[in-house]
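Student: One predicted model, sequence on top.
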Amino acid sequence: MSGENSGARMTYGNYLQLEELLSLQSGPEGHEPAPSNHEMHFIVVHQAFELWFKQVNLELECALNLMNVPEVDEKQIPVIVSHLERCSEIFRLLASQWKVMETLSPQDFLAFRDRLGTSSGFESWQMRTLEMLLGLKSEQRIGGMDPMVHNRKLHSEGKLSDSVMANMDRIDKLPSLNDVLLRWLARTPVNGVSGDLGVLRSFVDGHLSAMTEHGESVIAHMVKIGHGTEEVIRPRIESGIQGARDFLLPDGEVVPARAGLLFIESFRELPLLSWPRRLIDTMVDLEQSMLLFRSHHARMVERMIGRRMGTGGSSGVDYLDMTLKYRVFTDLWAVRTMLVKRDALEDPLNSDFYGFTAGN
Ligand code: HEM
């Protein structure tokens with residue numbers, strides 16, 4: 001950027017507010033430039049993560065806004081996908097960033113660990129906001145922990161600003177990405193028809209029959225090649241089919257979002273379904289990259305502090321390992337268990353509706 005007045009010239013430092021940014025690594029006691037090289041490293045790594053969380057939250061909110069409408073505009077699906085893909089890539093980057101943290105030796109960490117007091121990543125409100133935007137519910141968390149309760153307490157003690165609290169309250173009231181995703185899936189045209197429970201039901205029944213038929217052939221084959229007895233194999237196959245029935249027809253009623261999801265996953269080759277499929281894949285990818293991020297954090301922590309308690313008061317690594325069980329997009333994961341190979345499925349009805357004609 002150039003200007004008549006050289007005083008108004010935009011510089012790299014101005015644009016990035018670099019001096020302000022680089023003056024924030026001195027720790028709470030304000031040691032300049034930093035308490036020690038190790039502690040500055042610890043601070044820089046955390047701050048870098050928090051900056052990325054900020055970006056992820058913005059991308060997630062953009063995606064959420066585009067989906068939080070009665071009818072998602074199809075043209076916006078690629079845009080939603082691009083917001084989510086950026087988040088996945090950031091998490092992939094963050095998962096490998098723990099390696100830098102591991103250059104801190106356990107002894108060097110212990111030298112300043114007491115100064116952290118009870119502060120902990122547990123209190124990262126940006127991470128909690130991110131989980132809320134995705135749709136992780138308190139009842140899915142270890143011990144049913146509600147992050148809003150802890151943050152309200154911090155706020156009431158003056159340890160969290162009004163604006164941070166207000167933003168969390170705002171996000172808490174929004175539907176999550178998982179909510180809007182399910183709403184969108186429920187509108188999937190199945191066999192060329194949208195919103196007809198009878199059509200959905202017969203598609204689901206057809207799928208369960210295909211599973212049963214395929215299951216029988218698997219049992220016969222396994223027994224024939226001596227890979228187990230029928231008494232052992234049959235209950236496993238049948239419990240898989242029962243699991244699918246419970247998922248697709250809880251209380252005997254069809255769930256439109258789940259039927260829509262099963263349809264998209266079963267007939268991935270249909271041109272009209274290619275973007276819906278991409279969106280689902282991207283959500284799964286995002287959750288997978290987050291899980292790897294959590295897992296690498298836990299391994300770094302185990303290496304750093306062994307099995308001792310966390311500064312936040314949790315059991316430490318055991319707690320972190322338990323968080324690896326978290327799944328937000330539970331239906332997207334569950335449907336994988338009940339897919340049947342394409343050859344064993346009847347062709348969808350009205351396939352030309354999806355831009356596909358028999359023989360394509
Ligand atoms: C020496 C480095 C680190 C150690 C030893 C460590 C240890 C821990 C421990 C033990 C916990 C469990 C809660 C507790 O009791 O404190 C935790 C949680 C957490 N840490 Fe770290 N951590 C380190 C670095 C980081 C960094 C660089 C970040 C990046 C922001 C981070 C983010 C988090 C988050 C978000 C949680 C909450 C996880 C959850 O509840 O799902 N940690 N950490």
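Tutor: Cool, got the structure.
Student: Please make it C-alpha for all contacts and neighbour counts, starting now.
Tutor: Fine.
Student: Can you name the element that comes right after the helix or strand harbouring residue 289?
Tutor: Assessed by DSSP states H and E, residue 289 sits inside helix 274-305. Downstream of helix 274-305, the first helix or strand assigned by DSSP H and E is helix 317-322.
Student: Show the average pLDDT along the helix or strand just after that following helix.
Tutor: Later in the chain than helix 317-322, the nearest helix or strand by DSSP H and E is helix 330-334. Average pLDDT, helix 330-334: 98.
Student: and helix 330-334, what other elements does it pack with?
Tutor: Here helix 330-334 touches helix 274-305, going by 3 or more C-alpha pairs under 8 Å, 6 or more residues apart in numbering; DSSP states H and E.
Student: Counting neighbours, which bits of the helix it packs on end up buried?
Tutor: 275-277, 279-302, 304-305 (16 or more other C-alpha atoms under 10 Å).
Student: What of stretch 195-209?
Tutor: Neighbour-count burial for stretch 195-209 [16+ other C-alpha under 10 Å]: 199, 200, 201, 203, 204, 205, 207, 208.
Student: The helix holding residue 289 - contacts with which helices or strands?
Tutor: Using 3+ C-alpha pairs under 8 Å, 6+ apart, helix 274-305 sits against helix 77-101, helix 106-113, helix 256-266, helix 317-322, helix 330-334.
Student: and it, does that touch the ligand?
Tutor: Yes: for helix 274-305 and the ligand, the contact criterion (C-alpha under 6 Å from any ligand atom) is met by 301, 304, 305.
Student: Save the residues you listed as TSV, and put in pLDDT too.
Tutor: TSV is the format used below for the residues of helix 274-305 next to the ligand (pLDDT from 0 to 100):
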residue	pLDDT
301	97
304	96
305	95
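Student: what's the closest of the helices and strands packed on helix 274-305 to residue 218?
Tutor: Across the helices and strands packed on helix 274-305, residue 218 has its closest neighbour in helix 256-266 (19.2 Å, C-alpha to C-alpha).
Student: how much space between residue 168 and residue 155?
Tutor: 11 Å (C-alpha to C-alpha, to the nearest Å).
Student: which of the two has more neighbours?
Tutor: For residue 168 versus residue 155, neighbours defined as other C-alpha atoms under 10 Å are more numerous around residue 168 (21 against 15).
Student: Could you check which helix or strand contains that one?
Tutor: For residue 168, the host element (DSSP H and E) is helix 162-173.
Student: ok, and for that helix, which residues are buried?
Tutor: In helix 162-173, counting by 16+ other C-alpha under 10 Å, buried: 165, 168, 171.
Student: what's the closest of the residues you listed to the ligand?
Tutor: residue 168 (15.7 Å; C-alpha to the nearest ligand atom).
Student: Quick check: the closest one touching residue 130?
Tutor: No: with contact defined as C-alpha atoms under 8 Å, residue 168 does not count as touching residue 130 (10.0 Å).
Student: Give me every residue in this structure lying close to the ligand.
Tutor: Residues of the chain found near the ligand (C-alpha under 6 Å from any ligand atom) are 45-46, 49-50, 120-122, 124, 127, 301, 304-305, 310-314, 316-317, 320, 323.
Student: could you flag which of the residues you listed are buried?
Tutor: By 16+ other C-alpha under 10 Å, these give 45, 49-50, 122, 127, 301, 304-305, 310-311, 316-317, 320, 323 as buried.
Student: quick one on the thing from earlier: let's see the helix holding residue 168 as CSV, backbone CA atoms only.
Tutor: Listed next in CSV are the C-alpha coordinates belonging to helix 162-173 (Å, rounded to 0.1, in the frame of the first residue of the first chain):
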residue,chain,number,x,y,z
ASP,A,162,-18.4,-9.9,30.0
SER,A,163,-17.7,-10.1,26.3
VAL,A,164,-16.4,-13.7,26.4
MET,A,165,-19.3,-14.8,28.6
ALA,A,166,-21.8,-13.0,26.3
ASN,A,167,-20.3,-14.7,23.3
MET,A,168,-20.5,-18.2,24.9
ASP,A,169,-24.1,-17.5,26.0
ARG,A,170,-24.9,-16.6,22.4
ILE,A,171,-23.3,-19.7,21.0
ASP,A,172,-25.0,-21.8,23.7
LYS,A,173,-28.4,-20.7,22.4
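Student: What helices and strands are in contact with it?
Tutor: Helices and strands touching helix 162-173, by 3+ C-alpha pairs under 8 Å, 6+ apart, are helix 125-134, helix 147-156.
Student: Save the ones you listed as TSV, and put in mean pLDDT and distance to residue 60 too.
Tutor: Shown next, in TSV, are these (pLDDT from 0 to 100; distance: least, C-alpha to C-alpha, whole Å):
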stretch	mean pLDDT	distance to residue 60
helix 125-134	98	7
helix 147-156	96	19
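Student: Could you identify which of these is most buried?
Tutor: helix 125-134 (a mean of 21; mean count of other C-alpha atoms under 10 Å).
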